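J.: I need the structure of the sequence given here:
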Amino acid sequence: MSNIRPAKAEVAAEILSMIRELAEYEKEPDAVAAAEQDIHDHLFGEDPKVFAHVADEDGRLEGMVIWFVNFSTWEGRHGIWMEDLYVRDSARGKGVGTKLLKELASIAVENGYRRVEWSVLKWNAPSIGFYTSIGAHDMGDWQTMRLDGQALRLMGA
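T.: Model (predicted):
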């Protein structure tokens with residue numbers, strides 16, 4: 001049975017490995033630009049703004065959740081943005097994803113946060129089914145937008 005715990009700096013390489021596995025699953029294997037040092041600096045540096053919890057089974061990492069605190073102007077309270085939830089193939093169907101999400105929900109409740117939010121690819125029916133089964137709901141009219149690359153540089157100039 002997996003133990004859920006906050007990730008520590010010594011698993012930065014393993015977290016990056018799972019990020020690459022997730023990119024492969026999401027059909028974007030060449031999209032990961034992050035390096036191990038990036039993971040180390042931003043999740044485990046002096047003043048981290050991004051956090052990770054891992055699922056550990058006898059010393060082997062079975063999954064991870066990477067998240068950060070956000071803010072809802074409508075609620076007037078913080079929430080959690082779940083950037084990535086990933087469970088390795090060998091651990092799927094064992095409740096690892098549920099445990100990782102329960103950990104985030106507990107953090108939210110303990111801190112008076114009002115919600116946990118994330119994006120999911122529209123084609124990812126297994127994940128959508130899982131999220132729906134735990135009570136999550138589609139935001140309907142909301143669509144995720146992104147400003148990056150050349151458009152970001154032009155806007156930021």
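J.: now the strands for this structure?
T.: Secondary structure of the chain (DSSP state E): strands at 3-6, 51-57, 60-72, 77-87, 116-117.
J.: Out of those, indicate the one that is most buried.
T.: Among the strands of the chain, ranked by average contacts under mean count of other CB atoms under 10 Å, first place goes to strand 51-57 (a mean of 20). All C-beta atoms are positioned from the backbone trio N, CA, C, and that covers glycine.
J.: tell me the mean pLDDT over that strand?
T.: Confidence for strand 51-57, expressed as mean pLDDT, is 97.
J.: what's the answer for stretch 140-157, then?
T.: The model assigns stretch 140-157 a mean pLDDT of 89.
J.: Return the alpha-carbon coordinates of that stretch using CSV.
T.: The C-alpha coordinates for stretch 140-157 follow below in CSV (Å, rounded to 0.1, in the frame of the first residue of the first chain):
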residue,chain,number,x,y,z
GLY,A,140,-18.6,23.9,-18.7
ASP,A,141,-18.1,27.2,-20.5
TRP,A,142,-14.5,27.7,-19.2
GLN,A,143,-11.6,27.1,-21.5
THR,A,144,-7.9,27.0,-20.6
MET,A,145,-5.9,29.7,-22.4
ARG,A,146,-2.1,30.1,-22.6
LEU,A,147,0.3,32.8,-23.6
ASP,A,148,3.8,31.5,-24.3
GLY,A,149,6.6,31.5,-26.8
GLN,A,150,6.9,34.4,-29.2
ALA,A,151,3.4,35.7,-28.3
LEU,A,152,4.5,35.9,-24.6
ARG,A,153,7.8,37.7,-25.6
LEU,A,154,5.9,40.2,-27.8
MET,A,155,3.3,40.9,-25.0
GLY,A,156,6.1,41.3,-22.4
ALA,A,157,8.2,43.6,-24.5
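J.: Return the set of buried residues in stretch 133-149.
T.: Neighbour counts over stretch 133-149 (16 or more other CB atoms under 10 Å) mark no residue as buried.
J.: And it, end to end?
T.: 36 Å (CA to CA, to the nearest Å).
J.: With stretch 124-138 instead?
T.: 13 Å.
J.: got the strands of the chain as CSV, with distance to residue 156 columns?
T.: Below are those laid out as CSV (distance: least, CB to CB, whole Å):
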stretch, distance to residue 156
strand 3-6, 33
strand 51-57, 26
strand 60-72, 21
strand 77-87, 22
strand 116-117, 25
